[in-house]
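A.B. asks: mind folding the following:
(2 chains)
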Amino acid sequence: MISANTDLSFSPLGDRALLIEVGDHADPATIARIRALADHLAQLRLPGVLDFVPALCTIGVHYDPEQWRDESEARTPYEMLIERIQRELPDITSLSVSEGPLRQIPVCYEADFGEDLTTLADAHGLSTQQVVKIHSATIYSVYMIGFAPGFAYLGPLDERLALPRRETPRSRVPAGSVAVANQYTGIYPADLPGGWHVIGRTPLQLFDPSLEQPSLLSAGDRVQFKPIGATEFRALQTDRQ
Amino acid sequence: MTAQVTRAGLLTTVQDLGRYGMQRFGVPASGAMDRHSLRVANRLVGNADTAAALEITLVGPALQFDSDTLIALCGGNLGAVINDMPLPMNRPVWIARGSRLAFGQCVAGCRAYLALAGGVDVPEVLGSRSTYLRAGFGGFQGRALKAGDQIDALVATQSYFQKLRESQAFRDNGFAAPKWSVRADSARLGSHPQHIRFVAGRHWEHLPPSVRNRFAGENFRVGTASDRMGYRLEGGNLERHDYGDIASEAVAFGTIQLPPDGNPIVLMADRQTVGGYPRVGEVASVDLPLLAQLKPGDTLSFERIALSEAQHLVHRQMSALAQIEASILAAGSQ
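C.D. replies: The predicted model follows:
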């Protein structure tokens, strides 16, 4: 838990954004704290604050310095905004840090959908069934949405499945691909270039710009993968259309 | 309908000041590369700051106007002609129905902003009319304009510069513009190396001293792989360096990333929301328009300034814009 506001450190990100450092490494506890803080900050509706970007250890705050002007010019917009944030977050210990909602994501791990499943299994001396079992047993946290609209970085990945990215990225990884790289697992929300090892695919749509909340997942959500067969995959995919 | 695209040009997209509030879902802010020129162009035709305009890149399109339209063209000089006569920039221009606006050779800069009174009428997607090409949403059907597209403007709330529309020139030439113009940065557009100020970021002190010295001393060249997402800078002779793992965190318009190969990348309008490379710092936002007007092959150098100075410059530019707005308002209602 964060003991006091003094534990938050601020740094400028140019003249239109700043970073709040919440922790020094990414783990589910830090992510939960970041989510609680970001939600709280968003509810304050501070003037001229445009965007919050929760990430692995930090929250980015984009703001419009035109709306933070000290007529005497004694304080910069950056200093004024930090002061306001520190004042409006009186006691972070009282912030309830609850677990994010649990989302079940159906994944078909069959060979047609997980073209790197065998490579990953071989690299760790596991059977493909063992990989699927390990991958779908963990309840992950959404560490961050980034790289592309709706792309969720999930962790922690079981060390038995960790593998550096492919040396040569693919120019196109299909939408819905569930993949692993280093200490993360993730889901491709659209057809994208990428170097992660693809081990399955979900029929769910992860990102839809026509929705008010365009991303199925948010930072801090919890995720569990549920293995499904190809028939169920196709049925769910048809439902979507 | 307001205008029809008869020739596409290289890259013309609908942009406003950007898509904010969605970066937590990984949605890039997008928006105009040269925000200042967009804002001035919008003010010249009586539009709100939030109105969308056309961002025209290097080789511009040709447009056939189907109705009398008040426009303004700001930013880079891309050789615009109206009915084969030079189109005056940085001022309001009434264009008569049937007139043809076309772009020729790029004279200075890289991006021009064409504002239409009322603003370009495209649906808002996630709170903005900006085009995000990579994911294909926003703007005009999520893509760049092509020949045959029809551009509409929303109904203008202001009735600006009506006298121009009643002038003889308007009837004779198919367009009319006043003799005055707002002061533009056009003189600075042509200077090379372009002088760009930056604010040091939180990794600055951890960079090797030689990298810091060279960054703020050497000239860089804009690489050919530069686009709306980022400018790749070459030729600064920054040594290769392994900076180790950095936890991905938010980036801003103008964040200068330093990959291990020593060639900095300045993140621009279509940047991703987070990045994992170490950062030199951020370009002062008042200088981003100048940077956005550089094209591949152009040169630039960096000067470090304090955050307080960068934010002071923002306020100064804001006052200048308010003055421009006041004088346009006075002229426009005549």
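
A.B. asks: can you tell me the residue of the stretch 101-250 of chain B closest to chain A?
C.D. replies: Closest to chain A within the stretch 101-250 of chain B is B:A250: 2.2 Å, counting by C-beta to the nearest C-beta. (C-beta placed from N, C-alpha, C; glycine too.)

A.B. asks: just checking, that residue touches A:G60?
C.D. replies: Yes. With contact defined as C-beta atoms under 8 Å, B:A250 counts as touching A:G60 (2.2 Å).

A.B. asks: what sits against the residue of the stretch 101-250 of chain B closest to chain A?
C.D. replies: Going by C-beta atoms under 8 Å, 6 or more residues apart in numbering or on different chains, B:A250 touches A:L13, A:A17, A:L19, A:V53, A:A55, A:T58, A:I59, A:G60, A:H62, B:Q23, B:T273, B:V274.

A.B. asks: list just the nearest of the residues you listed to A:L44.
C.D. replies: Closest approach to A:L44 among these (C-beta to C-beta): A:I59, at 12.8 Å.

A.B. asks: now do the same for that closest one: helix, strand or coil?
C.D. replies: strand (DSSP: H, G, I helix; E, B strand; the rest coil).

A.B. asks: what does B:E325 give?
C.D. replies: Strictly by three-state DSSP, B:E325 counts as helix.

A.B. asks: any idea how far chain A is from it?
C.D. replies: Relative to chain A, B:E325 is positioned 13 Å away (C-beta to the nearest C-beta, to the nearest Å).

A.B. asks: what's the pLDDT at the nearest residue to that residue once chain neighbours are set aside?
C.D. replies: The shortest distance from B:E325 to any non-neighbouring residue, by C-beta to C-beta, 6 or more residues apart in numbering or on different chains, is to B:R43 (5.1 Å). As summarised for this prediction, B:R43 has a pLDDT of 95.

A.B. asks: same for the strand or helix carrying B:R43, what does it pack against?
C.D. replies: B:R43 belongs to helix B:35-44 when assigned by DSSP states H and E. Judged by 3 or more C-beta pairs under 8 Å, 6 or more residues apart in numbering or on different chains; DSSP states H and E, helix B:35-44 is in contact with strand B:53-57, strand B:69-77, strand B:108-116, helix B:288-292, helix B:307-332.

A.B. asks: output stretch B:68-77 as CSV, nothing but the C-alphas.
C.D. replies: Only the C-alpha atoms of stretch B:68-77 are listed here, as CSV (Å, rounded to 0.1, in the frame of the first residue of the first chain):
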residue,chain,number,x,y,z
ASP,B,68,-19.5,29.6,-52.5
THR,B,69,-17.2,28.8,-49.6
LEU,B,70,-15.1,30.8,-47.1
ILE,B,71,-11.8,29.1,-46.7
ALA,B,72,-8.3,29.8,-45.2
LEU,B,73,-5.0,28.1,-46.0
CYS,B,74,-2.2,28.2,-43.5
GLY,B,75,1.0,26.3,-42.7
GLY,B,76,3.4,25.1,-45.4
ASN,B,77,3.4,26.8,-48.8
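
A.B. asks: gap between B:L133 and B:D270?
C.D. replies: If you measure B:L133 against B:D270 using C-beta to C-beta, to the nearest Å, the figure is 7 Å.

A.B. asks: oh sorry, the question was meant for A:G60
C.D. replies: Relative to B:D270, and taking C-beta to C-beta, A:G60 is found at 17 Å.

A.B. asks: could you pull out the strands in the stretch 201-334 of chain B for me?
C.D. replies: B:219-222, B:230-234, B:249-250, B:255-257, B:265-267, B:274-275, B:279-283, B:299-304 (DSSP state E, counting those that start in this stretch).

A.B. asks: nope, chain A is what I meant
C.D. replies: A:9-12, A:17-21, A:49-54, A:58-63, A:102-108, A:140-145, A:152-155, A:170-173, A:177-181, A:184-187, A:192-194, A:197-201, A:222-228 (DSSP state E).

A.B. asks: most tightly packed of those strands?
C.D. replies: Among the strands of chain A, strand A:140-145 has the highest mean neighbour count (mean count of other C-beta atoms under 10 Å in any protein chain shown), at a mean of 28.

A.B. asks: what lines up beside it in the sheet?
C.D. replies: If you go by DSSP bridges, strand A:140-145 pairs up with strand A:152-155 (antiparallel), strand A:222-228 (antiparallel).

A.B. asks: in space, what's closest to B:V283 - neighbours in sequence excluded?
C.D. replies: Distances taken as C-beta to C-beta, 6+ apart put B:G254 closest to B:V283, at 3.5 Å, once the chain neighbours are dropped.

A.B. asks: burial measure for A:S96, as a count.
C.D. replies: 6 (other C-beta atoms under 10 Å in any protein chain shown).

A.B. asks: contact partners for the closest residue in space to it that isn't next to it in sequence?
C.D. replies: Here the nearest residue to A:S96 in space, its sequence neighbours aside, is A:A36; by C-beta to C-beta, 6+ apart that works out to 6.8 Å. By C-beta under 8 Å, 6+ apart, the contact set of A:A36 is A:L95, A:S96, A:V97, A:S98, A:G220.

A.B. asks: also B:Q105?
C.D. replies: B:L78, B:G79.

A.B. asks: and residue 171, what pLDDT?
C.D. replies: As the question left the chain open, I've gone with chain A. Among the per-residue scores, A:S171 shows a pLDDT of 91.

A.B. asks: actually it's chain B I care about, not the one you picked
C.D. replies: For B:R171, pLDDT reads 93.

A.B. asks: which residue is the nearest non-sequential neighbour of it?
C.D. replies: B:A96 (7.7 Å).

A.B. asks: kindly report the same for B:G174.
C.D. replies: B:G174's closest residue in space is B:S99 (C-beta to C-beta, 6+ apart), at 3.9 Å.

A.B. asks: now for the one you found, how many residues are close by?
C.D. replies: Applying other C-beta under 10 Å, we find 21 residues neighbouring B:S99.

A.B. asks: could you list the low-confidence segments of chain A?
C.D. replies: Along chain A, the model assigns pLDDT under 70 to residues A:1-7, A:90-94, A:241.

A.B. asks: now do the helices in chain A.
C.D. replies: A:28-44, A:77-88, A:117-123, A:128-137, A:230-240 (DSSP state H).
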